[in-house]
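[1] here is a sequence together with a model predicted from it:
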Amino acid sequence: MLANGHNPLCRPRVRQCGQAVAPAALAMLLWTGCARPGDPLIHQIVSDISEESIRTSVATLAAFGTRHTTSETEREDRGIGAARRWIKAEFDRYSAESGGRLQVEMQSYLQPADGRRIHRDVEIVNVVATLPGLDPVGSGRVYVVSGHYDSIPSDPADFTSEAPGANDDASGVAAVLELARVMSKHSFEATLVFAAVAGEEQGLYGSAHMAKKYKADGVNVAGMFTNDIIGNTLGGNGIRDTTHVRVFSEGVPVVESTQEERDLRLATGSENDSPARQLARFIDETADLYTPGFDVVLIYRRDRFLRGGDHTSFSKEGYTAVRFCEMNEDYTHQHQDVRLESGIQYGDLPYFVDYPYIAQVARVNAAALAALALAPAPPANLRVITAKLEYTTTLQWDPGFEADHAGYEVVWRATTSPIWEHSQMLGVQTGCKHPLSKDNYIFGVRSIDKTGHRSVVAYPRPSRD
């Protein structure tokens, strides 16, 4: 969203690119630029997110005292074992309410002691709830949203002291639970996975296991969100911000390692157009539409300095992943023993959590996940043709296979712009010759279905044919 409040895709259009949109597709024009009202289903999902449900989840998780990965597992009122059983019970309840469509599992493995933050062999358990997509083609695309339910005090190896972890990361788990509660009542084309992972504080162990398992099983994880530290609005810098959330995204993919890949990125100047950046831009545009007044701030980094998150585990497996995080952190309430020192209250306590804010972050997640899961896949094999010197831009791609696929939209921006600035509707053709030069602008293409849902933007690779 621009400073003047206008959608950047509402700027004046250039000449038509490709064939005109057929009259039968005029309904799609309601979704174009300024006139796009959004999907009523997504608006309903966003409005159903409950602050009170989130408050209850944070309070319950914090009341387990500590959720350290190597903490107590047998008691029902304390430790990580009690926490994961409660999370599973919540998912099971949502599953029953969905008629059994939400599939719940405990995903576990034995993690050997690492001589660093894990002092003994320990079972790492992820609690995972899957909502299968209904489209024969689209269900193969999987979107994962996670939070980590483990917590730590000041000493990462201390598994007995109080570590309520209200913000880090009961806030993220509460958001994921609420997303599962609301979204499992509806149907989507693609598959949604809601995950509470463990072992994050010891080295992203739970999410790494989950990502590697998906990779080994050939699962097409088309996008992954992690929500980690999304509950505080008053930063240690004294600034309170209740209307923005950061979304972190990597530039050059961590799996990009060959000289050919590096040379191609250098030649095309595409270091700001990784799949993660396109996903982050999609989240930003979706938030502008469905959560007006609560803005996404795009941070073009994988994460904060000296910190990490579970999205990195997915990035390392070649999946597209981003991180949600509050705007202003307070380090006195992260990874701290609960204590009063020099008049300052330390510790990650529920008292410091802003529940309306978590609900807003959850609404952004919900809108983006629903929009992704209802939309067709991005255009495959998108190329910008570089066979000869020319003053225009020629794009080509493969046809989509979803039954409700209706056409495409070409988008472009100045090479110095961080977000897409212009767009033009296309029909069902698999190519486009644009009057602007590929040397002067950055182009992308996204798919559109018959009801106007748009995919993430695909970025073209240069090709001579």
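    Now that the structure is in, tell me what you want to look at. Residues are numbered from 1 along each chain as shown.
[2] okay, helices next: where are they in the stretch 301-450 of the chain?
    Applying DSSP state H, counting those that start in this stretch to the stretch 301-450 of the chain gives helices spanning 311-315, 355-374.
[3] since we're on the residue lying closest to V145 once chain neighbours are set aside, how many residues are nearby?
    Closest residue to V145 apart from its sequence neighbours, by CB to CB, 6 or more residues apart in numbering: F225 at 4.6 Å. To be clear about C-beta, it is placed using only N, CA and C from the backbone, and glycine gets the same treatment. A count of nearby residues for F225, using other CB atoms under 10 Å, gives 28.
[4] show the pLDDT at F225.
    pLDDT recorded at F225 is 98.
[5] that one pairs with what?
    V145, V322 (DSSP bridges).
[6] list the contacts for it?
    143-146, 283, 311, 321-324, 365, 368-369 (CB atoms under 8 Å, 6 or more residues apart in numbering).
[7] just tell me which of the helices of the stretch 301-450 of the chain ends up closest to S270.
    When the helices of the stretch 301-450 of the chain are compared by CB to CB, helix 311-315 sits nearest S270, at 17.0 Å.
[8] what's that closest one packed up against?
    Packed against helix 311-315, as judged by 3 or more CB pairs under 8 Å, 6 or more residues apart in numbering; DSSP states H and E, are the following elements: helix 205-216, strand 220-227, strand 321-326.
[9] and the contacts of the last one?
    Outside strand 321-326, the residues that touch it by CB under 8 Å, 6+ apart are 167, 172, 223-233, 241, 245-249, 276, 279-280, 283, 302-304, 309, 311-312, 314-315, 357, 361, 364-365.
[10] output it as PDB, nothing but the C-alphas.
    In PDB, the C-alpha atoms belonging to strand 321-326 read as follows (Å, rounded to 0.1, in the frame of the first residue of the first chain):
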ATOM      1  CA  ALA A 321       9.300 -19.900   3.400                       C
ATOM      2  CA  VAL A 322       8.800 -16.600   5.300                       C
ATOM      3  CA  ARG A 323       8.700 -15.500   8.900                       C
ATOM      4  CA  PHE A 324       6.100 -13.300  10.700                       C
ATOM      5  CA  CYS A 325       7.500 -11.300  13.700                       C
ATOM      6  CA  GLU A 326       6.300  -8.300  15.700                       C
END
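[11] just give me how far that strand sits from the chain centre.
    The chain centre lies 7 Å from the centre of strand 321-326; the measure is CA atoms, centre = their mean, to the nearest Å.
[12] could you give the angle of it to helix 205-216?
    150 degrees (axes from the mean of the first three to the mean of the last three CA atoms, to 10 degrees).
[13] any buried residues in strand 321-326, and which?
    Buried residues in strand 321-326, counting neighbours by 16 or more other CB atoms under 10 Å, are found at A321, V322, R323, F324, C325, E326.
[14] now it: average pLDDT?
    Averaged across strand 321-326, pLDDT comes to 98.
[15] okay, helices next: where are they in the stretch 101-250 of the chain?
    Ranges of helices within the stretch 101-250 of the chain are 171-183, 205-216, based on DSSP H, counting those that start in this stretch.
[16] now V173: closest residue in space that isn't a chain neighbour?
    The shortest distance from V173 to any non-neighbouring residue, by CB to CB, 6+ apart, is to G147 (3.9 Å).
[17] what subset of the contacts of strand 321-326 is buried?
    167, 172, 223-233, 245-249, 276, 279-280, 283, 302-303, 309, 311-312, 314-315, 357, 361, 364-365.
[18] show me the contacts for the nearest residue to G165 once chain neighbours are set aside.
    Of all residues not flanking G165 in the chain, S151 sits nearest, at 2.7 Å (CB to CB, 6+ apart). S151 makes contact with T66, R67, H68, A163, P164, G165, D168, D169, A170, E201, D348, according to CB under 8 Å, 6+ apart.
[19] what's the answer for E178, then?
    So E178 contacts I49, S50, S53, I54, S57, A359, A362 (CB under 8 Å, 6+ apart).
[20] now do the strands in the stretch 151-300 of the chain.
    Taking DSSP state E, counting those that start in this stretch, the strands of the stretch 151-300 of the chain run over residues 191-197, 220-227, 244-249, 295-299.
[21] what about this protein, any weak spots by pLDDT?
    Within the chain, the ranges that satisfy pLDDT under 70 run 1-36.
[22] quick check, central residue of it?
    F225 (2.7 Å; CA atoms, centre = their mean).
[23] any idea how this structure splits into domains?
    8-37+377-463, 42-374 (automatic domain parsing).
[24] of those, flag the one that's most buried.
    Mean neighbour counts were compared across these using mean count of other CB atoms under 10 Å; the top stretch is domain 42-374, at a mean of 20.
[25] including distance to Y408, could the strands of the stretch 151-300 of the chain go into a markdown table?
    Output for the strands of the stretch 151-300 of the chain, formatted as a markdown table (distance: least, CB to CB, whole Å):
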| stretch | distance to Y408 |
| --- | --- |
| strand 191-197 | 24 |
| strand 220-227 | 18 |
| strand 244-249 | 24 |
| strand 295-299 | 24 |
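[26] out of those, nearest to V127?
    Across the strands of the stretch 151-300 of the chain, closest to V127 is strand 191-197 (CB to CB), at 4.5 Å.
[27] which residues touch that closest one?
    With contact meaning CB under 8 Å, 6+ apart, strand 191-197 is reached by 84, 87, 91, 126-133, 139-149, 173, 176-177, 179-180, 183, 206-207, 210, 310, 369, 373.
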